[in-house]
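Asker: show me how the following folds:
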Amino acid sequence: MPALIYVHDPMCSWCWAFRPALAALRRQLPAEFQFISLLGGLAPDSNEPMNKQLRKTLRATWRRIQQRVPGTEFNFDFWNTCRPRRSTWPACRAVIAAARFDRSEAMTLGIQQAYYLHARNPSDEHTLVTIATDLGIDGMAFTEQLRSQATEAELQRQITLAHALGANAFPCLILDLDGSRWPIPIEYNQPKAMLATIEELLAFDTK
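Answerer: I've put the predicted structure just below:
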């Protein structure tokens, strides 16, 4: 069965910008395709506040994304109302924890909306628990999963696999055809171009 592997991080701003194009691509994929989502884990746990230079760099990245991918929304109040930390692993664990309740994709979207639209910090556990409860997940059960060794082990498994696949930047798409893996160039504004590449590779594989 052919598979499209998507490597991402819920706090990756380029992944947020890629969301509409990815959704369009998934709608056009043949029915037999398997879609596999992997967490790449941008930044490990840290309680240190983000330094001024990194804040400046990330704000500039948001503006650059808005120019390159028209329609991408960011709430720049985040930089004034929150205490930013370079720490995305908590958000990654939240996606894994939510998967125990069949809500992983909804959690990813919830994290992105909290971060980019509502100026809330997904590096903070209470933000993640609030998102989970808004999705109808029991807060105590979610917190237990979020802090569990099994969730941490699954995150490290996915990060290791992502690195083994050569996914060192996010978002990343990889087409798996019976063990042969092909990177798919990311197109933020042209989802049909990604579909055309996949179709070409499928045709080549069947020759």
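Asker: need the contact partners of whatever helix or strand residue 16 lives in.
Answerer: Assigned by DSSP states H and E, residue 16 belongs to helix 13-28. With contacts defined as Cβ atoms under 8 Å, 6 or more residues apart in numbering, helix 13-28 is touched by 4, 6, 8-9, 35, 58, 61-62, 65, 68-69, 71-72, 74, 109, 112, 115-116, 170-171, 186-192, 194-195. From N, CA and C alone the C-beta is placed, and that goes for glycine too.
Asker: may I see the buried residues of that helix?
Answerer: 13-19, 21-22, 25 (16 or more other Cβ atoms under 10 Å).
Asker: could the residues you listed go into CSV alongside distance to residue 138 and pLDDT?
Answerer: As requested, the buried residues of helix 13-28 are arranged in CSV below (distance: Cβ to Cβ, whole Å; pLDDT from 0 to 100):
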residue, distance to residue 138, pLDDT
13, 30, 98
14, 33, 98
15, 28, 98
16, 27, 98
17, 32, 98
18, 31, 98
19, 27, 98
21, 34, 98
22, 29, 98
25, 34, 97
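Asker: and these, which is closest to residue 157?
Answerer: residue 15 (19.7 Å; Cβ to Cβ).
Asker: residue 91 versus the closest one, what's the distance?
Answerer: 11 Å (Cβ to Cβ, to the nearest Å).
Asker: where do the contact lists of those two overlap?
Answerer: In contact with both residue 15 and residue 91: residue 9, using Cβ under 8 Å, 6+ apart.
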